[in-house]
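Chemist: Kindly generate the corresponding structure for this input.
(3 chains)
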Amino acid sequence: MNRLPITKTPKVYVGGAFIRSESGRTFAIKDAGGRFFANVPQCTRKDLRNAVEAAAKAGPGWAKRTPYNRGQILYRLGEMLEARKADMADTLLLGGVSKSAAAKEITAAVDRLIYYAGWADKYEQVLGSVNPVAAPYFNFTVTEPMGIVGVIAPEEAPLLGLVSLIAPVIVSGNTVVALASVAQPYPAIVLGEMLATSDLPGGVVNLLTGLRKELLPTFATHTHLRALAAVADAAERQALALGAVESVKRTKFWKTEEKIDWFAEKAQSLYAIRDFLEFKTTWHPIGA
Amino acid sequence: MVRHAKPPQPRAKPKFSGAPHSGRAADSGACRMDFGVVFGGVQVDILPPMPPTAHAAFRRLFSEIGTVDAVGVEERVAKYTTRSIKKRAKLFGLKLAVSMLDLTTLEGKDTPGKVESLCRKAVRPHDDPGIPPVAAVCVYPAMVRPARRALGAAAPVRIASVATAFPSGQMPLKTRLGEVRTAVADGADEIDMVINRGAFLAGEFARVQDEIAAVLAACGGAPLKVILETSELETYDNIRAASFLAMQVLRPGDFIKTSTGKTSANATLGNNQVMLEAIRDFYLATGTSVGMKPAGGIRTAKQALQFLVAVKETLGDAWLTNTRYRFGASSLLNDLLRQIEKEKTGAYQAPYYFSEAAESY
Amino acid sequence: MPTLLAKKTTRPNRRSGGRPARELIFGDLWEYDPAPETVDPKLKPRYDLFIGGRFVPPASGKYFDSINPANEQKLAELALGGAADVDAAYQAATHAFNAGWGRMPGRERGKFLYRVARLLQDRAREFAVAETMDNGKPIKETRDFDVPMAAAHFFYHAGWADKLDYVAPGRRMAPLGVVGQVIPWNFPLLMLSWKIAPALAVGNCVVIKPATNTAITAVKLAEIFQDAGLPPGVVNVITGPGATGGILMAHPAAAKIAFTGSTEVGKVIMRSVAGSDKRMTMELGGKAANIVFDDAPIDQAVEGIVNGIFFNQGQVCCAGSRLLVHEPVAGLVVAKLKQRLRVLRVGDPLDKNTDVGAIVSRAQLETIQRYLDIGVKEGAEMWQPPCRLPPKGFFMPPTIFTGVTQSHCIAREEIFGPVLSILTFRTVDEAIEKANNTAYGLSAGVWTDKGSRILKMSTELKAGVVWANTFNKFDPASPFGGYKESGFGREGGRQGLLDYGKLI
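Modeler: Residues are numbered from 1 along each chain as shown, chains lettered A, B, ... in the order given. You can find the predicted model right below:
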C-alpha cells in the first residue's frame, strides 16, 4: 500500500498564532482538478474584531521599531518566501495556473517585498521636509503611521496582490488586518507561516479567510481601523465608502472592473507608502 | 526635557483670534499677571489660584540640582550590560549580592509560617558555608513579630518592615507614624517608608520632607529607607529631585529606594543610575553617605551583577557593601544560588535544586 | 568577605580645617577578571590583492607585515601593491562597468549589496576580532559598533539601488563609471562600507586602497564579495603603502575620487588632480568644539565628552577634541570628568571589559606624545587618571588639558589621540566665536536644556554635523561631512548618493 500523507489543516495567522474561526465554520476549497483539498476557516466579524485587537496590541511596538529594523524584517520575509518557493508554488497551482506562472508570481512577490524593505529607512528623507517659514522657527514635517489598516485583497494574483497591498502599509509602522482572496485563500494560509518565521512581531499582520459579503461591512465600520486599502467592485466600493464615513477612515480603492497588472513597475511605488501616512509639522523657536 | 510635574504656567494676556498681541488688555489695566483671563474688561478666574511657591519651588530645585537627559542615561547604563564578569570576579559579585539582599515577602496571604521559613532561608540560604546570610528580611508590619520569633534576638539577618501605609501611602499621617512605632516596638531593625507622591507632584516639597522627618523620629535609631516610587514620579528629573529632597533630611546609614514592587515598573538600571548619581553628588557636596536600594524587577543574577557594576563605576568601592546597597527581591536569591553553584561545579543548574523554587519542570 | 582596600590618595579622614575628606574610592575591591574574546578571526598567513574578482599576487612579488598594535605581534602578510597593480585594477573595474554593472537594473544590483550585508552579519564576530587585532580598538567597539554599522551601510544603500529616481527631484541619476577611493586606518571596515556601498548602489565600480596599517578587514571583505557572487571587477582592493594611494587617486581612469584622511594628505591629492575633470569628495580632519552650557544635563554631558574624545582612542576626525565649558559649571564638569576617567579601563583590546584600546601604531603614539609635550610647554595643565598600561603595545592613558586658550597649539591642531583640550566661555556668542575659530568645520557638540538655544547654535556653528545633547552618533541615513578645511561632499543619506552619480 502507498504511504498515506498527512494533510495540513489550514488555520489563519492572527496575533502571531494560527487559529480557527471563533465560529468553528469552514468552507471547502478544491484543487485544480476539482477534488476536495482542504477546509479553510470562514472567519466572522468577531474574528475580525479579535484581529483588530491583536493589531492594536502590536501596533505601538511596531511603530517604535527603528526603520532599519522594519526594513530588515521585511527583507527576511522575502528570504522566507524565496526559500520556500516550492511550497508557495503548490498553493498557487491549486488555482489552475501553470508552474511557470506560479514561479513568476512568487519571484515578483519576493522582489516586491525587497523593494519595500529598502524604502523603510529612506522614505522619510523624501516625504518629510524642513520648511522655510518666514519667522525664526525651525519648522519640520515628519511622517507617522496611521495605525491599523484594513486590507481587502484582490481575487486574482492571490499572493502578489496581497503582498502588494500589505508591504507598503506595514513598512512605515502600520499594522494590518487583511481579507485574503476568497476564491484562492490558500496562499494566504502559507504566507502566514512565512510571516511567523520572519521576525515580524505577532499581530502586525493578521490574515483572515472568509466571505466578502460577511466581512466587508465590519471592515468599513470598525472605528479602530483607520484606513482601508481595498480591491473591490463598484457596489462594494460604495458600501465601504459609506460605512467608512462615520469614523472618517482614509480609503484607497482599486477597481476590479479595471484589469490591474500587479506585475507592472507602477504596481509598487513610494506613494503606496505615502497613502498610509500622517504628516505632522512642528514649530520650534530658534534663539539663544 | 519634559517636566511632567510642573504646574501649568500662569496665563498671560489672552490672544484674540487674528490680532497679534497688542497689549490692549494692559492698556485697559484689567488683566492680572497670574491666573486670570480678561474678557471684555471683566476679570474671570478660570483656574484656582496656585500658591506661587510651588511653581518657584520646582524651578529652584531643578536649577540647583540639574536636569537629566533620558537618552543619555540609557546609553550610559547600556554600557554596564556589556561588562563581562567571569570566574572569581563573578563569584565575588554573586556572594556580595547575596549579602545585600533584603529577602522580601509582601503578600496579602503571608502567614507566620511563611515568614518563618523565609527567615530560615535568609540566615542559611544554601548548604554551603561559603555563602553568606542575606542582609535582611523585608515583611509587612503584622509579620514583624513572627520574624523576630524566628530569628531570635541576635541574628545575623536584620528585620526590615515596610510601613507608612505601604504601598500607596494614602493614609492619615497619624496612622502611618503609628505603624512605624509599632513595627519598631515589635522588633523591626529597619523601616522602609513611602514618600507622599501626591505632595511631591504638587510641588509641596516641605511637606514631603516634614513627613520623612516625622517618620525618622518615629524610627528612633532604626535605619530608614525612603521609597520614591519611581514609576509614579515617571521622569528622571523627578527621580533626581525626589532623591535630593529625601537625602536632605536623612542621616548617614539611611537609604533611598526605587520602588514598592507593587506597580508594573520597578527598579531599572536607568533609575538606579539616576539615584546613584544623586547620592554621589550629595555625598561630595555634604559628606553624608546615603545608601541605595533598588527593589522589584530584579530576578536574575545577571541583572544583579549589572546593578553592582553600576555601583562600582559610579560610587566606587565604599558603596559595595550591604551597609550602603541592598537589593529588594525574592526570587533573585535562587538565581544567585544557582549561578554560585554553577561557578563551583562548572555545570549549569536546574532551579529545583534550590529551596522555594517556583517551578519544578 | 575581603575588606575594603582603601585606595585613598593622600588625605586622612580628618583634616586640620575640620572638613571630612570626600572622595570616591575606585579601587580593586571587585576587580574584573580577564574576559578575552576567543572567537577565531580566521586570518590567513598571507593575503594577495583582489583584482577582477580573484586574489592575485602583487606585480612586485613583495609583501609587508601587518602587526597588532596591542602586542606588536605580526598578524599576517599583505601584498605590496604598486602602479602596475593599480593599472590592472582600473582595467578590471572599467571592464566590469562596461560589461554590465553600469547597466544592470538597480533592483538586481541592490540584491548584491543586500547579500554582502547579510554575509557580513553572519561573520560579524569573526570580523570584529580581526578588526580589533589589526587596529587596536576594543572588541566591545568592533562588536557593538564598527561591524554592525558597516553591515547597516551595505543594507541601507542596497535599498537605494532601484530608487535612484527619487534622489534628485527633476533629474535622473547615472553612474560615473569607475571611482578611486582611499580610506584611513581609524575605522577600517566601516570606512570600506561608507565608500563602497553608495558607489555600487549608484552603479559605479570601485578601486579602493585601505590604509597601509589596517588592511586585513579589507581583504576579508573581498572574500565576502566572492561569496556574494559580486561580478568580478566591480570592487578591486589594492593594499600597499601611501604612495600607491597617491597613484590610485591620480589615475586617469578614475571618473571620481573619494578620500578620507588628514587635511594635509587631502591637499596633496587635490594638487595632484588639479586640472583634471575628476569629481572628488574629501573627508578630512577636524578639531570639533564640544560646548557645554550651565543648564546642560551635566552627568550626561560628561558621558558625551568622554564618548566624544576617548571613543576609538580619540582617533576620529569628528572627535570632540575641544571642550568649551560655560564658566559657571567649569569646575563641576572637570571634576566629574576626572571621576569618570578613573573608571575607564585601558588595556588589552580583546578583553571585553576594555574601554580604551591601543593607539594604531608606534608612529601615531609618538605624534601624540609630541603634542602632550607641546601642551605642557605651552603652559596648559595636563591630567591623566592613574592607569596600568600593558607592558607591550602602543598604549597611553586618556589625557585632559585644562587652562587651554584658543592660541594654544593643542587647541588648533588635530592631535588624533585621546587628548582633550579644555577651554571656558562666558556667553553664547563667545562660545560660537571660539567654536568657529578654526580652519576645520567637521562637527560640533552642544549641551543645553534649552531647545531654542540648540537650534540657534546649530544655525551658527560652522560644522557639517552638529550633535545636540549627544556625540559621535552615526547612521547610514544621516549625511556626514565637513565645512572649510574639513573637506567637502557628504556621505550617507540621500545627500550622500548625489556625490556618486551624474545628474541627467
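Chemist: which ones are touching the closest residue to C:H95 other than its chain neighbours?
Modeler: With sequence-adjacent residues excluded and distances taken as C-beta to C-beta, 6 or more residues apart in numbering or on different chains, C:H95 is closest to C:G233, at 5.5 Å. For the C-beta atoms, the positions are set from N, CA and C on the backbone; glycine is no exception. Applying C-beta atoms under 8 Å, 6 or more residues apart in numbering or on different chains, we find C:G233 in contact with C:51-53, C:92-93, C:95-97, C:99, C:101, C:205.
Chemist: In chain A, which residue sits nearest chain C?
Modeler: A:G118 (2.3 Å; C-beta to the nearest C-beta).
Chemist: part of a helix, is C:V376?
Modeler: Yes: counting by DSSP: H, G, I helix; E, B strand; the rest coil, C:V376 is part of a helix.
Chemist: Name the nearest residue to it, ignoring sequence neighbours.
Modeler: With C-beta to C-beta, 6+ apart, the residue lying closest to C:V376 is C:M382, at 5.6 Å.
Chemist: Verify the contact between the one you found and C:I400 for me.
Modeler: Yes: applying C-beta atoms under 8 Å as the test, C:M382 and C:I400 come out as touching, 7.5 Å apart.
Chemist: re the thing from before, the residue of chain A closest to chain C belongs to a helix?
Modeler: Yes: with three-state DSSP as the criterion, A:G118 is assigned to a helix.
Chemist: While we're on it, how confident is the model there?
Modeler: Per-residue confidence for A:G118 comes out at a pLDDT of 98.
Chemist: and if you look at the one 3 residues further on?
Modeler: In this prediction, A:D121 carries a pLDDT score of 98.
Chemist: Next up, the contacts around it.
Modeler: Taking C-beta under 8 Å, 6+ apart as the definition of contact, the neighbours of A:D121 are A:66-68, A:71, C:156, C:159, C:476-477.
Chemist: Mind telling me what element C:L230 is part of?
Modeler: According to DSSP states H and E, C:L230 maps onto no helix or strand at all.
Chemist: Next one: the nearest residue in space to it that is not next to it in sequence from C:R118, what distance?
Modeler: Spatial nearest neighbour of C:L230, excluding adjacent residues (C-beta to C-beta, 6+ apart): C:F112 at 5.3 Å. C:F112 is 11 Å from C:R118, where distance means C-beta to C-beta, to the nearest Å.
Chemist: Between those two, point out the one with more neighbours.
Modeler: Legend: neighbour count by other C-beta atoms under 10 Å in any protein chain shown for C:F112 and C:R118, higher for C:F112 (22 against 19).
Chemist: hmm, back to that, now the contacts of A:D121: which count as buried?
Modeler: With burial judged by 16 or more other C-beta atoms under 10 Å in any protein chain shown, the buried subset of the contacts of A:D121 is A:67-68, A:71, C:156, C:159, C:476-477.
Chemist: Return the subset of those lying in helices.
Modeler: Among these, the members falling in helices are A:67-68, A:71, C:156 (criterion: DSSP state H).
Chemist: Show me what from the stretch 401-504 of chain C comes close to chain B.
Modeler: When proximity is defined as C-beta under 8 Å from any C-beta of the partner chain, the stretch 401-504 of chain C approaches chain B at C:449, C:469-470.
Chemist: Show me what residue of chain B gets nearest to chain C.
Modeler: Ranking the residues of chain B by distance to chain C (C-beta to the nearest C-beta) places B:G72 first, at 2.9 Å.
Chemist: could you say which helix or strand contains that residue?
Modeler: B:G72 belongs to helix B:70-80 when elements are defined using DSSP H and E.
Chemist: send the alpha carbons of the helix or strand just after that helix over as PDB?
Modeler: Scanning forward in sequence from helix B:70-80 by DSSP H and E, the next helix or strand is helix B:87-99. Written as PDB, here are the backbone C-alpha positions of helix B:87-99 (Å, rounded to 0.1, in the frame of the first residue of the first chain):
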ATOM      1  CA  LYS B  87      35.200  33.400  37.400                       C
ATOM      2  CA  ARG B  88      36.500  34.900  40.700                       C
ATOM      3  CA  ALA B  89      35.000  38.300  40.000                       C
ATOM      4  CA  LYS B  90      31.700  36.600  39.200                       C
ATOM      5  CA  LEU B  91      31.800  34.600  42.400                       C
ATOM      6  CA  PHE B  92      32.700  37.600  44.400                       C
ATOM      7  CA  GLY B  93      29.900  39.600  42.900                       C
ATOM      8  CA  LEU B  94      27.300  36.800  43.400                       C
ATOM      9  CA  LYS B  95      28.200  36.400  47.000                       C
ATOM     10  CA  LEU B  96      28.200  40.100  47.500                       C
ATOM     11  CA  ALA B  97      24.700  40.300  46.000                       C
ATOM     12  CA  VAL B  98      23.500  37.600  48.400                       C
ATOM     13  CA  SER B  99      24.800  39.600  51.300                       C
END
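Chemist: SS state for the residue of the stretch 1-150 of chain A found nearest chain B?
Modeler: Each residue of the stretch 1-150 of chain A has a distance to chain B, by C-beta to the nearest C-beta, and the smallest belongs to A:A135, at 12.0 Å. For A:A135, the secondary structure call by three-state DSSP comes out as coil.
Chemist: contacting residues around it?
Modeler: Taking C-beta under 8 Å, 6+ apart as the definition, A:A135 has no contacts.
Chemist: all strands of the stretch 101-250 of chain B, in order?
Modeler: Taking DSSP state E, counting those that start in this stretch as the criterion, the stretch 101-250 of chain B carries its strands at B:101-104, B:136-139, B:158-162, B:190-194, B:224-227.
Chemist: Check which helices and strands the helix or strand hosting A:P187 sits against.
Modeler: With secondary structure defined by DSSP H and E, A:P187 is part of helix A:186-196. Using 3 or more C-beta pairs under 8 Å, 6 or more residues apart in numbering or on different chains; DSSP states H and E as the contact test, the elements touching helix A:186-196 are strand A:12-14, strand A:36-41, helix A:67-83, helix A:85-93, helix A:160-170, strand A:205-208.
Chemist: which of the residues in stretch C:451-466 are buried?
Modeler: Within stretch C:451-466, the residues that count as buried by 16+ other C-beta under 10 Å are C:452-458, C:460-466.
Chemist: Which of those residues fall within strands?
Modeler: Secondary-structure check on the buried residues of stretch C:451-466 using DSSP state E: residues within strands are C:465-466.
Chemist: want to throw the buried residues of stretch C:451-466 into JSON lines with pLDDT?
Modeler: What follows is these, written out as JSON lines (pLDDT from 0 to 100):
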{"residue": "C:S452", "pLDDT": "96"}
{"residue": "C:R453", "pLDDT": "96"}
{"residue": "C:I454", "pLDDT": "97"}
{"residue": "C:L455", "pLDDT": "96"}
{"residue": "C:K456", "pLDDT": "96"}
{"residue": "C:M457", "pLDDT": "97"}
{"residue": "C:S458", "pLDDT": "96"}
{"residue": "C:E460", "pLDDT": "97"}
{"residue": "C:L461", "pLDDT": "97"}
{"residue": "C:K462", "pLDDT": "97"}
{"residue": "C:A463", "pLDDT": "97"}
{"residue": "C:G464", "pLDDT": "97"}
{"residue": "C:V465", "pLDDT": "97"}
{"residue": "C:V466", "pLDDT": "97"}
